[in-house]
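# Sequence first, predicted model second:
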Amino acid sequence: MSPQPGPHSLNQVRYIMGADGSGTTKPDSPTFYQELGQFTHQSLISEFSFDQPWPTWEMHPNGDEFVYLLAGDTDMVLWQAGVERVVRINTPGEYVVVPKGAWHTARPHSATSMLFVTPGEGTLNAEVPPDWTAPDR
């Protein structure tokens, strides 16, 4: 069944799209991700605002993630195959494609808001990627 047309606030009510293009809405809550379960063949469309580095890294093994800058200035830090890549986005409208299987985190330079289209099935979170080594700076 299709969700009510809205209006909805994406930072309060997430949109979950199935592989067939159908979707549903789900209010954000402290247990939101636990309630999603396995998240099979679905993508989560969400908005997040942050002004501190993310406390963890994440990885999506079943698809690329689309990350669109709404406001702010941040480094998206990608880790894949033992190589770190830092992509700075600071102009609203810019976006990053996080490749399938790439660990990633964000380190903002200022308060930042972003739109995410996330292939959720199998998403992993960790304090650091399993094969991560701190780069020489």
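Cool, the structure landed.
# What distance do you get for the residue nearest the centre of the chain to Gln4?
Among the residues of the chain, Phe116 comes closest to the average C-alpha position under Cα atoms, centre = their mean, at 4.9 Å. As for Phe116, its distance to Gln4 is 22 Å (criterion: Cβ to Cβ, to the nearest Å). From N, CA and C alone the C-beta is placed, and that goes for glycine too.
# before we move on, the earlier item: which element is the residue nearest to the centre of the chain on?
Assigned by DSSP states H and E, Phe116 falls within strand 112-119.
# what lines up beside that strand in the sheet?
strand 42-50 (antiparallel), strand 65-71 (antiparallel) (DSSP bridges).
# could you give the mean pLDDT of the first one?
Computed over strand 42-50, the mean pLDDT rounds to 93.
# Can you identify the element that follows it toward the C-terminus?
Assigned by DSSP H and E, the successor of strand 42-50 is strand 57-59.
# now the shortest one
Beyond strand 65-71 in the direction of the C-terminus, DSSP H and E gives the next helix or strand as strand 74-80.
# Using CSV, write down the CA coordinates of that following strand.
Presented in CSV, the C-alpha positions along strand 74-80 are these (Å, rounded to 0.1, in the frame of the first residue of the first chain):
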residue,chain,number,x,y,z
THR,A,74,32.1,18.0,5.3
ASP,A,75,34.7,15.4,4.4
MET,A,76,33.3,12.0,3.4
VAL,A,77,36.0,9.6,4.2
LEU,A,78,36.0,6.4,2.2
TRP,A,79,38.1,3.3,3.0
GLN,A,80,38.2,0.5,0.4
